[in-house]
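S.K.: Turn this into a structure:
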Amino acid sequence: MKLSKVLGGVFDGAAHGQYLGGANPKHHPYRAGWINSWSGIHGYKYTWATDGASGLRRVYLSTTMPEFAGVKSVPLLLVHVHCKQLSFFES
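M.R.: Numbering: from 1, shown residues only. As a prediction, this is how the structure comes out:
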């Protein structure tokens with residue numbers, strides 16, 4: 001996972017979405033909070049909040065990882081909704 005300083009956030013390849021919503025029930029019976037052992041997403045704190053500019057509900061993350069030094073929190077710009085429960089992620 002890489003912080004995009006140009007776009008001001010993080011793109012999710014799958015790991016954050018799997019943690020927030022769980023894995024696809026077709027492949028795994030896992031629920032929200034599931035962490036792939038290979039994902040490397042340990043140490044993040046997630047916060048749901050309304051974006052002041054757009055009015056959309058977004059998920060923000062914060063961490064003490066070095067690449068986030070001096071940054072309080074950043075939005076997930078794209079969340080891979082692996083669980084297929086789209087209504088949970090609607091704004």
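
S.K.: Give me the pLDDT value at residue 37.
M.R.: Per-residue pLDDT puts residue 37 at 66.

S.K.: One more: residue 85?
M.R.: 75.

S.K.: so how many other residues sit close to it?
M.R.: 14 (other Cβ atoms under 10 Å). Quick note: C-beta positions are derived from backbone N, CA and C, even for glycine.

S.K.: Same question for residue 43.
M.R.: 9.

S.K.: Could you pull up the residues touching it?
M.R.: Contacts for residue 43 (Cβ atoms under 8 Å, 6 or more residues apart in numbering) come out as 63, 64, 65.

S.K.: want to throw those residues into JSON lines with pLDDT?
M.R.: Shown next, in JSON lines, are the contacts of residue 43 (pLDDT from 0 to 100):
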{"residue": "63", "pLDDT": "75"}
{"residue": "64", "pLDDT": "73"}
{"residue": "65", "pLDDT": "71"}
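
S.K.: now that we have the residues you listed, which one has the most neighbours?
M.R.: residue 63 (18 neighbours).

S.K.: Distance check, that residue against residue 74.
M.R.: The gap separating residue 63 from residue 74 is 9 Å, by Cβ to Cβ, to the nearest Å.

S.K.: cool, residue 57 as well?
M.R.: Distance of residue 57 to residue 74, computed by Cβ to Cβ: 16 Å.

S.K.: Those two: who's more crowded?
M.R.: Between residue 57 and residue 74, residue 74 has the larger neighbour count (other Cβ under 10 Å), namely 18 against 12.

S.K.: so what's the more buried one closest to, chain neighbours aside?
M.R.: Among residues not flanking residue 74 along the chain, residue 9 sits closest, at 4.9 Å (Cβ to Cβ, 6 or more residues apart in numbering).

S.K.: Quick check: pLDDT value at that neighbour.
M.R.: Taking residue 9 on its own, its pLDDT is 82.
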